[in-house]
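Student: how would this look folded up:
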Amino acid sequence: MKLAVEISDAADLAPKDGAGACNPFVEVEFDGHKQRTPTKPADRSPYWNHTLLFDVRDPDPARLASLPPVDVSVHHDRSLHDHHAAAPTLSSAASAYPPPPSPLPPPTPSSSATRSRSAASSPASPATSPCASTSSLTTMLHLPPPPPSPVPVPVPANQQQQLPPEPVASATNGDPVRSVFATASEDPDQPAFPSGKPPESASNSAAAAAAESKGKTSHESRVFRSVPAASEQRRFTLHAVASPPPPPGQTVVMPRPAGPGPAPAPPGSAYGLVETKPPLPAKMGPRAAVAAAAKIASTYDMVEPMSYLYVSVVKARDLPTMDITGALDPYVEVKLGNFKGVTRHLEKNPNPVWRQVFSFSREHLQANQLEVVVKDKDVLKDDFVGRVVFDMSDVPQRVPPDSPLAPQWYRLADSSGEKLRHGEIMLAVWIGTQADEAFPDALHSDAHSVSLEGLASTRSKVYYSPKLIYLKVVAISAQDLVPADKGRPLAPCIVKIQLGGQTRRTRPQGSANPVWNEEFMFVAADPFDEPLVVTVEERVAAGRDEPVGRVIMPVAAPYVPRNDLAKSVEAKWFSLSRALTADEAAAEATSKGKSSFASKIHLRLSLETAYHVLDESTHYSSDLQPAAKKLRKGAIGILELGILVGADADGAEHGGARWNEQYTWEVFDLCTVVTVAVFDNCQLQAGGGGDAKDQRIGKVRVRLSTLETDRVYTHLYPLMALTPSGLKKTGELHLAVRFTCTAWANMLAMYGKPLLPKMHYTNPISVLQVDYLRFQAMQMVANRLGRAEPPLRREVVEYMLDVDSHMFSLRRSKANFYRVTSLFAGAVAAARWLDGICKWKNPLTTILVHVLFLILVCYPELILPTVFLYLFVIGAWNYRRRPRKPAHMDTVVSHAELAHPDELDEEFDTFPTSKPGDVVRMRYDRLRSVAGRVQTVVGDLATQGERAQSLLSWRDPRATAIFVVLSLLLALVLYVTPFQVVAVVPGLYLLRHPRFRSKQPSLPFNFYKRLPAKSDVML
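Tutor: I've put the predicted structure just below:
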């Protein structure tokens, strides 16, 4: 049986080195054995996430309460750079006694504060003296589950709630420590964790518990590419909820009394952004000299350094034979503690070449020796050939950009350590980080248990989107067309233009020399694999077109020129052929010669590289550059993105979601948006070629213009999935983002330049054509990335490009409507304020407004400066309330939480619909009612506008005559009246006191309401 002690993190440790920092490490003592964590240099809030394992001598569950205490101490390491410091004074100890299983449900664990105990405290007093500073230490203790009871006694639910809490853990020495003990769940269908998975950090103890429960030793090797198989027994965990009465001289934190339940959270509160402070090298202070030396010596400063042991098995030579036949089928086992990596075996080869790299995470290492064993593959039992043993303390460390470590020849030894006369193996062993060039291709000890075919889907890859270019085809005219059947006259002809799966047609023209003058746009991907096919067809009957001739040409120079400078391209005449393929067309042209007669078509072809091919919405596009390299702008900065860890909906880290990978892009426009999506890889067991689709987990968008320059943003972004059953929080994604500007002048000048290339404004593409081209571009990107290895599946590309954003959604329509109404909130607030001024609700404010109004009337040149000064004051006042966090997916704005289930079911319906007729009828009626309200609002707006038009239309002759006469009188009065008087009289009239007001509508309002509109002439 094993006892696992997980050291998570600490906070607010006291400074010890005289420079405001300390070098903390944790030492744990249990049953006479001591183990310690690595030292975190110059870090007062360290993060270890380290697991220590201890052997339990007596595994009897009935004697768990008699186990010796677990002492956890935090010390300052003076050996790094502080040689004159006194003995470490920061020390926090805690003792925990394992209890019997508790029947209560597991509460949410929380960190507890630990204080160093005063040496002068009385043993009889339960209080401790306060320290100069309060520190917190987070630990977790695990034990394997005891065997289930042979005769379970069911307890009614009402009696379970009345059971008193059993003692689970006790804190001694005045230092309460968060403790977690493993117990068996009474309900096999109810996991102890909400997510159904134990924490990742206890994977070693879970494996030991599984081996113990099966009667095996905990040192049994596990073969990887894999973590323990999914069939092994899971370890369930219950959290500590109470403590037994403490001995004298100890302090216990009592639980809070039960009070009224918490108030319901407002919408969107569960999907907020959480700022974090991970120990990233980019966020270390300038005084951390030792920490600066320990950071990754490359550009990987936006992720946490992860240390790995790399073993490169290159080849072997002169291996001794083990079989009677003299044949040898060698393979290599790399063993380190409970982990084992195996190479492929090579049949009948005494000089094999493997060239495979294995990596072991140092967080899970509990052994001091690395063993590389060469074995002979056999039917019954594999034979031992030889081995090489390395001491972990002698393994060198390598940090990029150091050169790769050269492999060396090592002579094999037998099981007793004696060197063999024959047999050598070439190895390279070193300790590196995830920045090592061997990391992407290495077989990792914590990878998923997958087949060799699916192993490629677990490795990090960079996919480049294909270069897309618009192809413009203008069908001008044709000459000397001959019908396909010479026995009948020529029918109306059309031009069908085809590029891959894109097909466009012109309008029919009934002539032997037709003229079309129609322009079409296509999306082509470089390199251009598919030819352009232009076919002239005659429409013989409805739905029946017969080809007259066609032109097949490659989409490349000199056939199709590139138009980089938006100039007019010269049109060309092409001879029509009746061939069906490019080879047939070339053979026909060779046989006929250049002087043969043929029908011709006049075309203008060009590759419009001055455009940017839109494959995603311009509202959150990741690229806005034109296709031509000569027209692209220079970079204005660099974006660095660190993908740290992933957590489930309850905040627990996923077992395989610790990435710690960093990516860098050049930034050409501040308005670009970075999209980070998380998927459930369903291709692992299928080997990458199955029909299972990768499931969406969530998406995060980061707009670069909302980021401050040179600031490292570290946040937990909520991942959400909108399903027909409602909104679901699927987890959290820990990201580190930093934008660094390299050209300040160009960055500021970017705000005055158009968003898209100039060609989109000088020769714009119609909205309908842009939507069609965007769909075709998405199809082309999905096809090209699907041909990579491993392929990027279509559902991933569609989710990243957000192709279904144009589909109708009642939820999204409501959200957009409320977005529009919120735009008028400022105007409505100003109108209410003005109404309060006119009604003298606050006399002092009204008098001040009168004074300001008279000043502006007397000095009209102050109006514009006053307006802009007011805008400056508002902006300066709002600076202190500026957003501190980057924007993320807002569930309130999206109306995702309050959406009706039927609305979501309609949103996720297929097109065309797959629902029964009664559901479609109900939704159609609902859509009619909503459209009826929209129709009424639009009609009211049209009525008000038509009344304004009727002032001078003489439709109501008396109203128009009154308006014309009043206009003449006002013109004469305004000619002789100064402007100040004209402005003061209406202004004072509007600001008059309420006692001079009437509750009846005003005269101009009554006059306007009586004007006619066209609503009375509509059917």
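
Student: Tell me which helix or strand Gly964 sits in.
Tutor: Just so we're on the same page, residue 964 is Val rather than Gly. Using DSSP states H and E, Val964 sits within helix 957-976.

Student: chain center to that helix, what's the gap?
Tutor: Taking the mean of its C-alpha atoms, helix 957-976 sits 65 Å from the chain's own mean (Cα atoms, centre = their mean, to the nearest Å).

Student: hey, C-alpha coordinates of that helix in CSV?
Tutor: Output in CSV follows, covering the C-alpha atoms of helix 957-976 (Å, rounded to 0.1, in the frame of the first residue of the first chain):
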residue,chain,number,x,y,z
PRO,A,957,-54.2,71.0,-49.3
ARG,A,958,-55.1,72.8,-46.1
ALA,A,959,-52.2,71.4,-44.1
THR,A,960,-49.7,72.1,-46.9
ALA,A,961,-51.1,75.7,-47.3
ILE,A,962,-50.7,76.3,-43.5
PHE,A,963,-47.1,75.0,-43.6
VAL,A,964,-46.1,77.1,-46.7
VAL,A,965,-47.5,80.3,-45.2
LEU,A,966,-45.8,79.7,-41.8
SER,A,967,-42.6,79.0,-43.6
LEU,A,968,-42.8,82.3,-45.4
LEU,A,969,-43.5,84.2,-42.2
LEU,A,970,-40.7,82.5,-40.3
ALA,A,971,-38.3,83.3,-43.2
LEU,A,972,-39.1,87.0,-42.9
VAL,A,973,-38.8,87.0,-39.2
LEU,A,974,-35.5,85.2,-39.2
TYR,A,975,-34.0,87.6,-41.8
VAL,A,976,-34.4,90.5,-39.4
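
Student: 719 is where my numbering starts, stick with that
Tutor: All right, first residue 719 from here; so that's helix 1675-1694.

Student: Report the rounded mean pLDDT for that helix.
Tutor: Across helix 1675-1694, pLDDT averages out at 90.

Student: what do you get for stretch 1549-1558?
Tutor: Rounded mean pLDDT across stretch 1549-1558 is 87.

Student: Tell me where the longest helix sits in this structure.
Tutor: In the chain, with assignment by DSSP state H, the single longest helix is helix 1635-1667.

Student: Could you check the angle that helix makes with helix 1675-1694?
Tutor: Going by axes from the mean of the first three to the mean of the last three Cα atoms, to 10 degrees, helix 1635-1667 is angled at 50 degrees with respect to helix 1675-1694.

Student: Helix 1635-1667 packs against which elements?
Tutor: helix 1528-1541 (3 or more Cβ pairs under 8 Å, 6 or more residues apart in numbering; DSSP states H and E). Just so you know, the C-beta spots here come from the backbone N, C-alpha and C atoms, and that holds for glycine as well.

Student: so after the helix it packs on, what's the next helix or strand?
Tutor: Next in sequence after helix 1528-1541, counting helices and strands by DSSP H and E, comes helix 1543-1556.

Student: For that following helix, which helices and strands make contact with it?
Tutor: Helices and strands touching helix 1543-1556, by 3+ Cβ pairs under 8 Å, 6+ apart, are helix 1561-1576.

Student: Now do the buried residues in the longest helix of the chain.
Tutor: 1641, 1664-1665 (16 or more other Cβ atoms under 10 Å).

Student: same question for that helix, mean pLDDT?
Tutor: Computed over helix 1635-1667, the average pLDDT equals 88.

Student: Run the angle between that helix and helix 1528-1541 for me.
Tutor: Using the same axes, to 10 degrees, helix 1635-1667 lies at 20 degrees relative to helix 1528-1541.

Student: so can I have TSV of the buried residues of helix 1635-1667 showing distance to Ala1260?
Tutor: Putting these into TSV (distance: Cβ to Cβ, whole Å) gives the following:
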residue	distance to Ala1260
Arg1641	34
Glu1664	44
Arg1665	50
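
Student: hmm, back to that, for the helix holding Val1682, which outside residues touch it?
Tutor: Outside helix 1675-1694, the residues within contact range by Cβ atoms under 8 Å, 6 or more residues apart in numbering are 1668-1672, 1700, 1725, 1728-1730.

Student: next structured bit after it?
Tutor: Assigned by DSSP H and E, the successor of helix 1675-1694 is helix 1697-1708.

Student: quick one: which of the contacts of helix 1675-1694 is nearest to Val1254?
Tutor: Lowest distance from Val1254 to those (Cβ to Cβ) belongs to Ser1671, with 53.2 Å.

Student: Give the residue spans of the stretch 1069-1218 of the chain that score low on pLDDT.
Tutor: For the stretch 1069-1218 of the chain, the stretches flagged by pLDDT under 70 are 1164-1172.

Student: And the strands in it, which stretches?
Tutor: Counting by DSSP state E, counting those that start in this stretch, the stretch 1069-1218 of the chain has these strands, from start to end: 1071-1079, 1087-1094, 1101-1109, 1126-1131, 1137-1151, 1161-1162, 1185-1197, 1211-1217.

Student: returning to that earlier point: tell me the angle of the helix holding Val1682 relative to helix 1697-1708?
Tutor: Using the same axes, to 10 degrees, helix 1675-1694 lies at 130 degrees relative to helix 1697-1708.

Student: Give the buried residues for helix 1675-1694.
Tutor: Buried residues in helix 1675-1694 (16+ other Cβ under 10 Å): 1677-1678, 1681.

Student: picking that back up, mind giving me the ChimeraX select for the contacts of helix 1675-1694, buried ones only?
Tutor: The ChimeraX selection below is limited to those of the contacts of helix 1675-1694 classed as buried (16+ other Cβ under 10 Å):
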select :1668,1669,1729,1730
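
Student: got the angle for whichever helix or strand Glu1255 is part of vs strand 1211-1217?
Tutor: Per DSSP H and E: Glu1255 is located in strand 1250-1259. Inter-element angle recorded for strand 1250-1259 and strand 1211-1217: 150 degrees (by the same axes, to 10 degrees).

Student: Compute the inter-axis angle for the strand or helix carrying Arg1376 and strand 1137-1151.
Tutor: Arg1376 is part of strand 1371-1385, with elements assigned from DSSP H and E. Using the same axes, to 10 degrees, the inter-axis angle of strand 1371-1385 relative to strand 1137-1151 is 70 degrees.

Student: Quick check: which helices or strands does strand 1371-1385 pack against?
Tutor: strand 1355-1365.

Student: Next, the buried residues of the strand it packs on.
Tutor: Buried-residue list, strand 1355-1365, by 16+ other Cβ under 10 Å: 1355, 1357-1365.

Student: quick one: the helices in the stretch 1269-1418 of the chain?
Tutor: Counting by DSSP state H, counting those that start in this stretch, the stretch 1269-1418 of the chain has helices at residues 1300-1310.

Student: so where do the strands sit in it?
Tutor: So, for the stretch 1269-1418 of the chain - with DSSP E, counting those that start in this stretch - the strands run 1290-1293, 1318-1326, 1355-1365, 1371-1385, 1391-1398, 1413-1421.

Student: Lowest average confidence across those, which one?
Tutor: strand 1371-1385 (a mean of 77).

Student: Would you give the sheet partners of that strand, along with the direction of each?
Tutor: strand 1355-1365 (antiparallel) (DSSP bridges).

Student: Pull the strand it pairs with out as PDB, backbone CA atoms only.
Tutor: Extracted C-alpha coordinates of strand 1355-1365, given in PDB (Å, rounded to 0.1, in the frame of the first residue of the first chain):
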ATOM      1  CA  GLY A1355       4.400  43.200 -33.700                       C
ATOM      2  CA  ILE A1356       4.700  39.700 -32.400                       C
ATOM      3  CA  LEU A1357       1.900  37.600 -30.700                       C
ATOM      4  CA  GLU A1358       3.000  34.900 -28.200                       C
ATOM      5  CA  LEU A1359       0.400  32.400 -27.000                       C
ATOM      6  CA  GLY A1360       1.100  29.900 -24.300                       C
ATOM      7  CA  ILE A1361      -1.400  27.000 -23.900                       C
ATOM      8  CA  LEU A1362      -0.800  25.900 -20.300                       C
ATOM      9  CA  VAL A1363      -3.400  23.500 -18.900                       C
ATOM     10  CA  GLY A1364      -7.000  22.500 -19.300                       C
ATOM     11  CA  ALA A1365      -9.500  21.900 -16.500                       C
END
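
Student: Nice, that's everything, thank you.
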